[in-house]
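Participant: What would the 3D arrangement of this be:
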Amino acid sequence: MSAQPPLVNRRVIEALLRLELPNEPERRLVLVHGRYDTTAAAEFTTSVADDKRRIEVVEEHSVLGISDAWHRYQEEAPASGAVLVVATTVEDEQLGWDVLGHALRRQVLSVDRAEIVRLRFGATGLDPRIRAESWLVNALLDAEPHSGWPRLGSVLTLNAAMRALVEARLSISQASPDTAGGRGEARRETPLDADTLLAWSRSPLGPAAYAALATDEQQGIKAWLAKVAGSAASLLLDLCAAGRGQDAMALGVVGSAVAGPATSAETGLALGGLFGTIRIKPADLRAFTLAVEGTLIRWLLQAEQAGPEQHAARNRALDVLEQADRQAQDAGLTEALAGNAYLPSGFQARLTALASVLDPSGARAHDLAATEAALEDLRRHHLAGLLRARVRTAEAAVRLARWLAGAHPTVSSVAGAVEHHLAEWGWVDAALTVLWAGDAEAHEPVIAAYHSIYHAARGRRAVIDEIFARYLRDWTRTASSQTSGGALLVENVLDTIAVKLAGKSGRAPLILLVDGMSSEVAVGFGEELARRGWLETGPTRGRRTAAVAAIPSLTRISRASLLTGSLTQGGQSVEKPGFEAFWSRQRRSGVLFHKADIGGAAGQRLSDTLQRELAGEAVVGVVLNTVDDSLDHAAQGDRTRWRLSDVTYLGELLAAARLYGRPVVIVADHGHVLERGEGLDAPTATGNTGAARWRLGEPDAGEVLLTGPRVLEGDGRIVAPWREDIRYTPRKAGYHGGASLAEMTVPVLALLPADTDPPKDWHLLAPEDVTPRWWNAGGPAAETARAAEQTDQPSTTADHTSRREAADETAEAAPASSAADRSSFGAKLVATETFRFQRRFVRKPPEPEVMAAVVDALVEADGVLSLTAVAAAAGKAGRNADGFAATLQRLMNVEGYPVLEFSDNGTRLRLNVPLAAEQFQVDS
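Facilitator: Coordinates of the predicted model:
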């Protein structure tokens with residue numbers, strides 16, 4: 001018998017009885033060597049060989065006590081089958097036969113704790129390594145959950161036992177909630193890896209539970225977890241044992257300060273101070289740091305993606321990183337960790353570095369290159385996806401710096417100016433809006449740099465508006481449909497765009513008039529629509545269509561003129577019959593819906609009448625007022641941009657158009673300018689104020705006098721400001737009616753559902769075609785010079801025709817010339833034996849010339865093109881963009897290698913040029 005009697009509890013007693021009592025079921029006295037757990041029940045019922053047995057447990061450590069307990073038990077004549085269990089330290093030799101003769105197996109039973117473990121797991125065999133680890137046996141008996149140990153197989157292995165112990169002791173769940181209910185159920189285990197352990201270390205009770213374990217159990221668990229989860233587990237559990245579990249992940253981030261070969265002694269000492277008395281092995285620290293970074297990456301990715309874990313993952317990641325920043329600051333390691341790609345302070349350091357090279361003058365090319373590098377460095381920080389608004393602000397600053405680095409744009413006509421405003425300056429306005437909103441968490445150097453870039457770009461835009469106002473003044477005196485100087489007038493938009501889009505027998509278009517939509521708003525919508533799979537089209541290759549608003553640029557004038565097809569003014573009573581009459585002249589029926597006509601009854605977004613017309617043959621027009629209404633009440637959208645979802649009913653109407661195969665025209669009646677707090681707090685003092693942005697009288701600084709047949713207020717003579725900061729009414733979120741380009745430009749987006757051909761002589765407009773190069777990267781000077789040259793040549797109807805003819809001739813010749821140019825990458829690729837072999841496995845493959853043109857277009861675009869651009873490069877062969885892209889993949893992805901892949905949610909194709917060269921054995 002052992003000098004230190006073992007502690008037994010109810011479960012040990014139950015297991016012992018189930019093991020021994022079936023051999024002598026008539027026995028009612030069981031003597032067990034040990035001490036009974038005082039917290040366990042002294043009386044209970046248990047099942048033995050399918051029989052219910054009533055059990056009473058007492059503890060006696062003398063012969064007399066045992067004898068007395070047994071005789072008393074007999075005298076009380078308990079129910080049949082009841083059993084008295086006596087826990088004792090008395091040895092067999094001290095007991096007489098008056099007791100032993102009644103006892104099970106006629107002796108004091110020793111508990112085989114390993115055997116009890118086997119029984120408690122319902123196993124028939126036991127891994128001998130478990131028996132050799134006494135600490136493990138004792139821990140398994142002590143840690144058994146209330147529901148009992150799960151059934152883990154016929155033989156209880158060491159790994160299974162350790163996993164069960166870790167789960168029970170440390171509260172690390174290994175089963176999903178819907179499968180962890182009871183014995184015998186299938187268990188879906190999660191890996192016991194460093195990622196799981198690090199997440200556990202952030203729990204409120206887990207690390208404390210480990211710290212409370214006996215030393216031998218701590219060491220045993222640590223050794224096993226180090227084997228299955230990697231060496232990072234050792235340092236993590238050492239921190240937990242020292243009561244530092246909640247600090248562990250943050251310390252892992254800070255530990256990267258000594259990961260490099262050039263770590264200073266001071267840095268090492270500072271880090272050692274953070275870890276306290278815990279001895280750190282460099283290899284363990286590196287493994288721990290890498291494990292922490294891997295877990296943080298997973299959390300950050302979850303935080304960037306919509307889903308049930310998004311909010312919790314964001315909080316977990318930021319809690320760790322902010323804690324790490326505090327630790328680094330306390331230890332004096334902030335400077336050593338300035339380059340860290342996880343810490344918020346590292347993000348701030350990269351942002352400050354970007355600010356230091358932002359050059360508002362645009363004069364130093366090397367600064368622009370440094371700016372690009374600094375922006376890319378900021379984007380590579382792992383918090384960039386989480387701090388997307390701050391990155392967008394930095395991107396806006398860099399975009400404006402690129403634009404400022406280009407040649408000064410020129411204006412030489414009203415037609416060219418409005419076209420160019422939609423093509424480029426509207427994008428400038430979008431970046432200015434983002435930069436004006438700023439970064440609430442930025443430090444002073446960053447704020448100063450943003451301020452400088454903003455005012456430099458705003459100053460250049462003001463010059464453009466001033467020059468435009470002079471041309472607008474002269475143009476307005478005589479402008480009409482017959483003498484428009486090449487400009488598309490707002491009243492001619494339906495005839496020029498909507499009628500052509502419908503064609504003679506085509507599907508009737510849906511015309512969505514977004515009241516007050518500026519070029520800035522329109523270009524954002526265009527980007528989002530392309531991502532949603534809409535194809536943009538237009539009469540001019542590579543350029544969207546822009547019209548000139550009526551004067552002043554007010555809703556009751558420009559909207560009525562656009563919807564009726566004639567220069568007029570009025571409200572709904574003019575617009576509805578005028579819209580119907582216009583389409584009647586085109587031998588079509590047309591129906592117009594205003595705000596009150598759009599909404600449906602409970603349970604449906606769109607009214608029955610609107611849904612019926614959308615399913616029919618009529619041209620449907622819908623007026624959407626969200627943008628214009630917001631100018632009177634509050635700041636727009638999220639204050640920096642409009643999304644399609646911000647405009648009430650727009651998403652539902654686009655979905656209906658796609659369902660019924662309708663082309664769509666999204667058009668404004670006029671634009672707007674925003675209140676940016678740059679003007680006077682009070683309105684500009686004038687007499688005869690007509691509205692917020694026009695008045696009667698004589699022009700002053702920042703204003704222009706407009707007269708002529710297109711001026712429908714003030715008896716054909718008004719004053720309108722070209723400066724954005726002038727207003728004649730109390731402050732609002734924004735204004736319209738003035739003479740700035742943002743107000744006078746009417747953006748037009750013509751859209752086709754997928755697999756739809758554009759009208760004759762029209763062209764698909766890929767996102768690459770309508771996005772300025774400086775918006776994303778590269779060549780701002782060349783791009784601006786080219787754009788300015790185009791601005792000097794307004795697009796008259798004759799010009800449009802000649803340009804289209806020239807462009808069509810170029811497009812038709814392109815594949816042939818590509819095939820003839822044996823030096824192009826695409827031509828070389830389609831000439832290979834591998835390509836010819838791949839064609840055999842594709843039904844109706846594109847012609848080699850088409851394939852070569854597409855490959856060359858991808859190479860020219862650094863390997864990435866939108867599906868629209870790919871379809872345009874393919875000509876008629878690419879009319880079904882999605883199907884054509886899938887065919888390209890089958891041709892290009894030799895043996896399954898990802899030569900050509902979809903990206904950006906399937907809206908772009910990405911060509912891996914080096915891999916293509918390798919697979920097709922082509923010199924790139």
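Participant: only C-alpha atoms for contact and neighbour calcs from this point on.
Facilitator: Fine.
Participant: would you say residue 106 is within a strand?
Facilitator: Yes: when DSSP: H, G, I helix; E, B strand; the rest coil is applied, residue 106 is found to be in a strand.
Participant: what pLDDT does it get?
Facilitator: Listed pLDDT for residue 106 reads 92.
Participant: gap between it and residue 18?
Facilitator: 17 Å (Cα to Cα, to the nearest Å).
Participant: what does residue 454 give?
Facilitator: 83 Å.
Participant: Give me the more crowded residue out of those two.
Facilitator: Remark: of residue 454 and residue 18, residue 454 carries more neighbours, 23 against 17, as counted by other Cα atoms under 10 Å.
Participant: What is the burial count for residue 5?
Facilitator: Neighbourhood size, residue 5 [other Cα under 10 Å]: 15.
Participant: what do you get for residue 444?
Facilitator: Residue 444 has 11 nearby residues by other Cα under 10 Å.
Participant: and if you look at residue 312?
Facilitator: For residue 312, the count of nearby residues is 12 (other Cα under 10 Å).
Participant: so what's it up against?
Facilitator: Residues near residue 312 by Cα atoms under 8 Å, 6 or more residues apart in numbering: residue 303.
Participant: shaky segments in the stretch 601-750 of the chain?
Facilitator: 634-639, 679-682, 685-688, 690 (pLDDT under 70).
Participant: and the longest helix seen in the chain, what does it pack onto?
Facilitator: Counting residues, the longest helix found in the chain (DSSP state H) is helix 444-476. On a contact count with 3 or more Cα pairs under 8 Å, 6 or more residues apart in numbering; DSSP states H and E, helix 444-476 meets helix 344-357, helix 388-405, helix 414-420, helix 426-437, strand 703-707.
Participant: Using JSON lines, lay out the ones you listed together with mean neighbour count and distance to residue 43.
Facilitator: Compiled in JSON lines, these are given as follows (neighbours: other Cα atoms under 10 Å; distance: least, Cα to Cα, whole Å):
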{"stretch": "helix 344-357", "mean neighbour count": "21", "distance to residue 43": "60"}
{"stretch": "helix 388-405", "mean neighbour count": "24", "distance to residue 43": "64"}
{"stretch": "helix 414-420", "mean neighbour count": "29", "distance to residue 43": "91"}
{"stretch": "helix 426-437", "mean neighbour count": "22", "distance to residue 43": "73"}
{"stretch": "strand 703-707", "mean neighbour count": "23", "distance to residue 43": "98"}
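Participant: The stretch 51-200 of the chain: strands as residue ranges?
Facilitator: In the stretch 51-200 of the chain, the strands defined using DSSP state E, counting those that start in this stretch lie at 51-59, 83-88, 103-109, 125-126, 155-156.
Participant: Quick check: which of these is buried the most?
Facilitator: Most buried of the strands of the stretch 51-200 of the chain by mean neighbour count (mean count of other Cα atoms under 10 Å) is strand 83-88; its value is a mean of 24.
Participant: could you dump that one to CSV, C-alpha only?
Facilitator: Written as CSV, here are the backbone C-alpha positions of strand 83-88 (Å, rounded to 0.1, in the frame of the first residue of the first chain):
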residue,chain,number,x,y,z
VAL,A,83,-23.5,-1.5,-1.6
LEU,A,84,-21.4,0.1,1.1
VAL,A,85,-18.0,1.4,-0.2
VAL,A,86,-15.4,2.1,2.5
ALA,A,87,-12.4,4.2,1.6
THR,A,88,-9.5,3.3,3.9
